[in-house]
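Enquirer: here's my sequence, what's the structure:
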Amino acid sequence: MGRNSSNPTLEARAQADERRRSASAPSSRRRRFSGVKAPWYFIIPALSVYLFVEIVPGGRGLMYAFTDWDGFTTDPNFTGLQNFSRVFLSGPALAALINTLSLALYVTVVQNLIGLCLALGVNSQRVRSRNALRVVFFAPVVLTPLVAGYVWAYILAPDGTVNVALRAVGLDALTRTWLGDPETALWGIAVAIIWQFSGYSMVIYLAGLQAIPKELYEAADLDGAGPFRRFRYIVAPLLNGAFLISLVLTLIGTLAQFDQVIAMTGGGPGRATETITTVIYKQGVVQGQYGYAVSLAVVMTVVVAVLAVIQYKVVDRRVNE
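Expert: Numbering: from 1, shown residues only. Now for the predicted structure:
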C-alpha cells in the first residue's frame, strides 16, 4: 500500500525535473543566433568608427581628385582626369615617384638583412647579454620618426658627428655635406630609416626563430651540420612566414615615409629627396592645390597596394612550396 502510494509522488517529481530541463535547455534557434549572429554585433562599434573615420572621408576625398578644389571654395569645378594626367606628365611627380620606389627598395632589402642578423645574434644562447641587446636594438623604434630625423640631420650635418669622426682619423677627403649633396642625400635618409626600424624587423624574425623546435637544432648538431647548412635547411624554410610579414610591412612603411624626409631635407636639395608624400603635402597644404594632391594620394595608394600584393604573392608562393 505504501509502495503504490509513492508512485504518483515520484512521477510528479520526474515530470517537474523534465520541465526544468526543458526550460533551461537553449532552443536550436537561440544556439544558432548565439553562434552565428552574435559576433557581428560585437564588431559593429569598431566598424562604425572605421566607417566614419576612414571610409567616408576617403570616399569624399576621392571625389575631390576629379576637381580643382583649393580647400576653401564650396563649389569646385569638375576637371575629369586632368589631375591624374598631370601626375604622369609632370616631371616633379615622376621624379618623386622614382625616389620613393628607390628608397623603398633599398630600405626593404637592407633593413630586413640587418634585422635578420640581429635576430640571429640575440637568439643565440652563447650571447649572455642577449636580453639587454634586444632592448638596445629595439629602443630606436619607440622614437617618433620626426625626432629620429632631426637626430640624423645633426649627425650628417657639415659639422656633424660623421664629418668630425672622419677628420679625427685623417680622412678629410671623405667629408662632405651629406644631406646637401644630391648624390648622397636620399641615401642619408635611407640610413636613418634603417637605423630606426631594423629593431622592428628583428622582433619579427626573433619571434619566428623562437617558434622553431629545439629538437631540429639538436638533430642538425647530431648530423654534423654547420651554421650555414643549419640556416639554409632549417631556419630559412621555417622563417618564411616572418619574411612575408616583415617584407610587406617594411615596404608599405617606407613607401609612406614622410616625417624623416621633412625633418632631414624637406625634399631637397632641389628635388633630390622629394617623395610622393612630400609632394602631396606641398601641393595640398602649402600651395592649396588639394585636387591635385588628392590625385597624387590616390596614385600612391594604388602603387602601394599593387606592390604589396605582388610581394605577398611572391613570398607566399615560397611559403607554400
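Enquirer: residues near the nearest residue in space to Lys282 that is not next to it in sequence, how many?
Expert: Leaving aside its sequence neighbours, Lys282 sits nearest to Gly267 (Cβ to Cβ, 6 or more residues apart in numbering; 7.2 Å). For every residue, glycine as well, the C-beta is placed using N, CA and C. A total of 22 residues lie near Gly267 under the criterion other Cβ atoms under 10 Å.
Enquirer: where does the stretch 1-150 of the chain dip in pLDDT?
Expert: 1-39 (pLDDT under 70).
Enquirer: which residues of it fall in helices?
Expert: 2-24, 28-32, 38-50, 56-64, 82-89, 91-123, 130-138, 145-155 (DSSP state H, counting those that start in this stretch).
Enquirer: can I get these in TSV including mean neighbour count and distance to Ile252?
Expert: Shown next, in TSV, are these (neighbours: other Cβ atoms under 10 Å; distance: least, Cβ to Cβ, whole Å):
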stretch	mean neighbour count	distance to Ile252
helix 2-24	9	52
helix 28-32	10	40
helix 38-50	10	18
helix 56-64	13	17
helix 82-89	16	20
helix 91-123	19	9
helix 130-138	14	20
helix 145-155	18	14
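Enquirer: quick one: which of those helices is nearest Thr175?
Expert: Using Cβ to Cβ as the measure, helix 145-155 is the one of these that comes nearest Thr175, at 13.1 Å.
Enquirer: okay, the closest one in PDB with CA atoms only?
Expert: Extracted as PDB, the C-alpha positions of helix 145-155 are listed here (Å, rounded to 0.1, in the frame of the first residue of the first chain):
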ATOM      1  CA  PRO A 145      60.300  59.400 -36.900                       C
ATOM      2  CA  LEU A 146      60.400  63.200 -36.700                       C
ATOM      3  CA  VAL A 147      62.800  63.100 -33.700                       C
ATOM      4  CA  ALA A 148      64.900  60.400 -35.300                       C
ATOM      5  CA  GLY A 149      65.100  62.600 -38.500                       C
ATOM      6  CA  TYR A 150      66.300  65.600 -36.500                       C
ATOM      7  CA  VAL A 151      68.900  63.500 -34.800                       C
ATOM      8  CA  TRP A 152      70.300  62.200 -38.100                       C
ATOM      9  CA  ALA A 153      70.200  65.600 -39.600                       C
ATOM     10  CA  TYR A 154      72.600  66.700 -36.900                       C
ATOM     11  CA  ILE A 155      74.800  63.600 -37.300                       C
END
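Enquirer: now do the contacts for Val162.
Expert: Shown in contact with Val162 (Cβ atoms under 8 Å, 6 or more residues apart in numbering): 155-156, 175, 178.
Enquirer: can you tell me which two in those residues are farthest apart?
Expert: Maximum distance among the contacts of Val162 (Cβ to Cβ): 13.1 Å, for Ile155 and Thr175.
Enquirer: rewinding a little: for the residue nearest to Lys282, give me the pLDDT.
Expert: Gly267 is assigned 90 on the pLDDT scale.
Enquirer: now for it: which residues touch it?
Expert: So Gly267 contacts 261, 273-275, 278-279, 282 (Cβ under 8 Å, 6+ apart).
Enquirer: picking up where we left off before, nearest to Asn163, out of the helices of the stretch 1-150 of the chain?
Expert: Of the helices of the stretch 1-150 of the chain, the one closest to Asn163 (Cβ to Cβ) turns out to be helix 145-155, at 9.4 Å.
Enquirer: quick one on the thing from earlier: for the contacts of Val162, give me TSV that also has secondary structure and distance to Gln287.
Expert: What follows is those, written out as TSV (DSSP: H, G, I helix; E, B strand; the rest coil; distance: Cβ to Cβ, whole Å):
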residue	secondary structure	distance to Gln287
Ile155	helix	32
Leu156	coil	28
Thr175	coil	36
Trp178	coil	29
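Enquirer: ok, those vs Asn163, which is closest?
Expert: Thr175 (4.3 Å).
Enquirer: just give the nearest non-adjacent residue to that closest one, would you?
Expert: Using Cβ to Cβ, 6+ apart, the closest residue to Thr175 is Asn163 (4.3 Å).
Enquirer: please apply the same query to Arg230.
Expert: In space, Arg230 is closest to Ala220, 4.7 Å off (Cβ to Cβ, 6+ apart).
Enquirer: now Thr100
Expert: Nearest to Thr100 is Thr275, by Cβ to Cβ, 6+ apart, at 4.5 Å.
Enquirer: just the element for Val191, please.
Expert: For Val191, the element it lies in under DSSP states H and E is helix 185-210.
Enquirer: measure the one residue sitting closest to the centre of the chain to Gln289 for me?
Expert: By Cα atoms, centre = their mean, the mean C-alpha position of the chain lies nearest to Leu249, the distance being 3.3 Å. Distance of Leu249 to Gln289, given as Cβ to Cβ, to the nearest Å: 31 Å.
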